[in-house]
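1. heads up, no residue letters with this:
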């Protein structure tokens, strides 16, 4: 395939991902502020609403209509279709369900695409704030169609970070509390957004300088990872080794503070065990 044909193919895949995110986002906007049927899934504190399911149905209908032979991994439906396909769509129909259920406008539809196991396309859409991030390998990253780049903060002391806490934080001592406290002390501050995909997008946009978290799923991460990389950022494991989508752990930064943040995570003192078992 020629380079121009390859770029056109990537752009079409990206356009379909954007369309699917917009369709799912319309559901989020439709139900925003209304009384919801909120339930807990298997993990304590992990919420699901009818909006998660209706949004996923819309997203899946778009993907299946345009690419019926592609594989799908969706948060609510699991694996669908041809898992042996070269392409695998990884979908979170409502990332930030707890935020959404409480009327806190930090929630999104997140759609990523793997090609032969490698991140290719990422789209994250927050319809409440009307912000749509999109990226594809080699095509750059945009927010509402305007190109974005990571920040240029080059010192951890001057950085503003973001993190999160997994649903199992009450059952494990590996709960990120020590890291949160330690890095709050070392930096200008650490935020907790409650939506991994949007946290990654805020790093890509330069609003934040770095992000780390554990206990995540592929659908939480894939789209945002593509967007951060295409905006000029770095994504690795905590220790700076190659990022593994299935590991549940991520370190994403503007690149300038990456080694500093990685070192700080490795040096976090755990003298106090934060556990509520």
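-> All right, it came through fine. Everything numeric in this text was worked out from a predicted model, so none of it was measured. Residues are numbered from 1 along each chain as shown.
2. element containing the spatially most central residue of the chain?
-> With distances taken as Cα atoms, centre = their mean, residue 197 lies nearest the centre of the chain, 2.3 Å away. Assigned by DSSP states H and E, residue 197 belongs to helix 196-205.
3. before we move on, the earlier item: my read: the residue nearest to the centre of the chain touches residue 220, true?
-> Yes: between residue 197 and residue 220 there is a contact under Cβ atoms under 8 Å: 6.5 Å. For the C-beta atoms, the positions are set from N, CA and C on the backbone; glycine is no exception.
4. quick one: common contacting residues for the two?
-> Both residue 197 and residue 220 are contacted by 92, 95, 110, under the criterion Cβ atoms under 8 Å, 6 or more residues apart in numbering.
5. what lines up beside the helix or strand hosting the first one in the sheet?
-> Counting by DSSP H and E, the secondary-structure element that holds residue 92 is strand 87-95. Using DSSP bridges, strand 87-95 pairs in its sheet with strand 71-74 (parallel), strand 108-115 (antiparallel).
6. now the helix holding residue 197 and strand 87-95, what's the angle there?
-> Relative orientation of helix 196-205 versus strand 87-95 (axes from the mean of the first three to the mean of the last three Cα atoms, to 10 degrees): 100 degrees.
7. what ranges do the strands span in the stretch 151-277 of the chain?
-> In the stretch 151-277 of the chain, the segments counted as strands under DSSP state E, counting those that start in this stretch are 160-163, 189-192, 210-213, 234-236, 250-253.
8. Export those strands as CSV, with columns for mean neighbour count.
-> Converted to CSV, those look like this (neighbours: other Cβ atoms under 10 Å):
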stretch, mean neighbour count
strand 160-163, 22
strand 189-192, 16
strand 210-213, 27
strand 234-236, 21
strand 250-253, 26
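9. Throw the ones you listed into a markdown table and include mean pLDDT and distance to residue 124, thanks.
-> Shown next, in a markdown table, are the strands of the stretch 151-277 of the chain (pLDDT from 0 to 100; distance: least, Cβ to Cβ, whole Å):
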| stretch | mean pLDDT | distance to residue 124 |
| --- | --- | --- |
| strand 160-163 | 98 | 14 |
| strand 189-192 | 97 | 17 |
| strand 210-213 | 98 | 13 |
| strand 234-236 | 98 | 15 |
| strand 250-253 | 98 | 13 |
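10. Columns distance to residue 34 on top of those, output as a markdown table?
-> What follows is the strands of the stretch 151-277 of the chain, written out as a markdown table (distance: least, Cβ to Cβ, whole Å):
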| stretch | distance to residue 34 |
| --- | --- |
| strand 160-163 | 28 |
| strand 189-192 | 26 |
| strand 210-213 | 30 |
| strand 234-236 | 36 |
| strand 250-253 | 33 |
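11. Relative to the whole chain's centre, how far out is the host helix or strand of residue 58?
-> Assigned by DSSP H and E, residue 58 belongs to helix 50-66. The chain centre lies 18 Å from the centre of helix 50-66; the measure is Cα atoms, centre = their mean, to the nearest Å.
12. do stretch 103-119 as well
-> Its chain's C-alpha centre lies 5 Å from the corresponding centre of stretch 103-119 when counted by Cα atoms, centre = their mean.
13. Pull out the buried positions in it.
-> Residues of stretch 103-119 classed as buried by neighbour count (16 or more other Cβ atoms under 10 Å): 106-115, 119.
14. just these now: which is nearest residue 160?
-> Nearest to residue 160 out of the buried residues of stretch 103-119 is residue 106 (Cβ to Cβ; 15.9 Å).
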